[in-house]
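1. Mind folding the following:
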Amino acid sequence: MKVGFNMGVDPVDYKAASVDEDDLKFAAQMGATHVVLQSYADSGIVKGDARWEYDDLVQLRHKVESAGLVLEALENVPLKFYDQVMLGGPDRDRQIENMVYTVRNIARAGIPIFGYHWMPTLVGRTSLNTKNRAGSLVTSFDLEEANKEPLLRERRYSEEEMWENLEYWIKIIIPVAEEEGIRTGIHPCDPPVEYLKGIPQLFRSFDAYKRLIGIVESPSNCIEFCQGTFSEMDDAKSDGIYEMIEYFGKRQKILYVHFRNVSDTVPKFREEFINTGHVDMYKAMQSYKKVGFDGMFVDDHVPVVVGDSNWGHRGRAFANGYIQALMDVVNN
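-> Predicted structure coming up:
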């Protein structure tokens, strides 16, 4: 199992945290060997208004490697790259053409994993400043409050059409990914509720992911396993989260893990420190070990603590140290 850091654009408030030499050096100093870089928005991590170029991706990989780290995954492209693919807009096929071009370039640049999402709404929270332990700040979600928000687009979308759009995309992109030797995976919808702003949140359940991996049988059709979001699902109650880890882990469908914790399942939850949520993180780590998972664990959505940076160096160091300790325990 590999120790990594999650770097780039914060997926909740979308503030870009620069990935400079000091950030990468910090990750290496904390014991990480791998990183995943985020690009939910126009962060400038990779240039491009509609697609990414090979030379820019190679340069990015070299930058990471210069710090003694491995660029294990790129997570997401800017939403404008494929929003009409998700929503079946008039520019869908042009966007797919550009995404095929981008995925080929990611693979040829020597980056083995491309993680993305199926959330036109992006990550949804009803508060970014909920108080937690000793005045630390976390994000939280309350479905009753979220249901008061206006529609994202001019109408409400059906679940059937969103699945049709997904299947159209999957049947095009997975053969390309397999041909190029790259693995792709979808992040669960966060929060995992039925609808958000009039948009169906497809990946909100265990069954939804079983359906996904059955659309195209391929080693390239996988899951970006955000344990925090899986832990928010109704399916995570009781021992459900460990069952999901073992089910997908046995099938080698977990690309890498956002190893974070939350207070409860939907309809209402808040982020937590890695060791204070409803999931037994030691038991979760044992589950990954049991199925022989050998991928990367990264921090995610860490609480804001006193004196921290925009990226959250202090909070991430705490989470990453906890991950390494659990790995040491289950490996001995």
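2. which stretches of the chain form helices?
-> 21-29, 54-65, 83-87, 92-108, 143-146, 159-180, 206-215, 227-232, 240-250, 281-290, 313-330 (DSSP state H).
3. Dump the longest one to PDB, restricted to CA.
-> The C-alpha atoms that make up helix 159-180 are tabulated as PDB, following Å, rounded to 0.1, in the frame of the first residue of the first chain:
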ATOM      1  CA  GLU A 159     -32.100   9.700 -13.600                       C
ATOM      2  CA  GLU A 160     -32.800   7.700 -16.800                       C
ATOM      3  CA  GLU A 161     -31.300  10.400 -19.100                       C
ATOM      4  CA  MET A 162     -28.200  10.800 -16.800                       C
ATOM      5  CA  TRP A 163     -27.600   7.000 -16.900                       C
ATOM      6  CA  GLU A 164     -28.000   7.100 -20.700                       C
ATOM      7  CA  ASN A 165     -25.400   9.900 -21.000                       C
ATOM      8  CA  LEU A 166     -23.000   8.000 -18.700                       C
ATOM      9  CA  GLU A 167     -23.300   4.800 -20.700                       C
ATOM     10  CA  TYR A 168     -22.800   6.600 -24.000                       C
ATOM     11  CA  TRP A 169     -19.600   8.100 -22.500                       C
ATOM     12  CA  ILE A 170     -18.400   4.900 -20.800                       C
ATOM     13  CA  LYS A 171     -18.700   2.800 -24.000                       C
ATOM     14  CA  ILE A 172     -16.500   5.300 -25.900                       C
ATOM     15  CA  ILE A 173     -13.900   6.200 -23.300                       C
ATOM     16  CA  ILE A 174     -13.200   2.800 -21.600                       C
ATOM     17  CA  PRO A 175     -12.000   1.100 -24.900                       C
ATOM     18  CA  VAL A 176      -9.700   4.100 -25.400                       C
ATOM     19  CA  ALA A 177      -8.300   3.900 -21.900                       C
ATOM     20  CA  GLU A 178      -7.800   0.200 -22.200                       C
ATOM     21  CA  GLU A 179      -6.000   0.600 -25.500                       C
ATOM     22  CA  GLU A 180      -3.700   3.200 -24.000                       C
END
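4. that older thread, deepest-packed of the helices of the chain, please.
-> helix 227-232 (a mean of 27; mean count of other C-beta atoms under 10 Å). From N, CA and C alone the C-beta is placed, and that goes for glycine too.
5. which other helices and strands contact that helix?
-> helix 240-250, strand 254-258 (3 or more C-beta pairs under 8 Å, 6 or more residues apart in numbering; DSSP states H and E).
6. can you list the weak-confidence ranges in the chain?
-> 9-18, 40-44 (pLDDT under 70).
7. Apply 90 and report the result again.
-> 8-20, 38-47, 238, 310-311 (pLDDT under 90).
8. Distance from stretch 220-234 to the middle of the chain?
-> Put simply, stretch 220-234 sits 8 Å off its chain's centre (C-alpha atoms, centre = their mean, to the nearest Å).
9. just checking, residue 61 touches residue 111?
-> Yes - using C-beta atoms under 8 Å, residue 61 and residue 111 qualify as a contacting pair, with a distance of 6.0 Å.
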